[in-house]
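Asks: would you be able to build a 3D model of this:
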Amino acid sequence: MIIKKTSLIPKNILFSSFGFGILQMTFDNLIIKKCEPYIPKKTGNLIRSAVPFNGYVMWSAPYAKKQYYTHKGKGLRGPFWVERMWADTKKEIMNNLKGVINDSRKRS
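Replies: Numbering: from 1, shown residues only. I've put the predicted structure just below:
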């Protein structure tokens, strides 16, 4: 199992400003989605084992930790997938989150 912290903003601000942490949930789900091409894939179980919770994303497959630190994959797939994905897609993810904030403000 591997757990990566994704907390973007203190939870008290998220809950009071955006109701039930919609921004954090969006961020966690984007992390999972954007990591998919970077995660080693044989059967897809490791990719499907991703679970977002309270500002963290956990890959719960029993071999996740070993794959995270040691796998030498083909193409983008390989170790340290969160850090490599973030380096490649940070701007895109942040723009997506800005859209969520703007939508929230329009509804208020």
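Asks: so G73 is in which element?
Replies: Secondary structure assignment for G73, by DSSP states H and E: no helix or strand.
Asks: same question, K33
Replies: helix 22-35.
Asks: now that helix: average pLDDT?
Replies: In this model, helix 22-35 has a mean pLDDT of 91.
Asks: residue numbering should commence at 21 henceforth.
Replies: Noted, 21 is the first residue going forward, which turns the last one into helix 42-55.
Asks: tell me what it is packed against?
Replies: Judged by 3 or more CB pairs under 8 Å, 6 or more residues apart in numbering; DSSP states H and E, the packing partners of helix 42-55 are helix 31-38, strand 70-73, strand 76-79, helix 101-127. The C-beta positions use only the backbone N, C-alpha and C, and glycine is treated the same way.
Asks: partner strands of the third one and their direction?
Replies: Each strand that pairs with strand 76-79, with its direction, by DSSP bridges: strand 22-25 (antiparallel), strand 70-73 (antiparallel).
Asks: buried ones in the helix or strand following it, by neighbour count?
Replies: Next along the chain after strand 76-79, taking DSSP H and E as the criterion, comes helix 84-90. If you call a residue buried by 16 or more other CB atoms under 10 Å, then helix 84-90 has these buried ones: A84, Q87, Y88.
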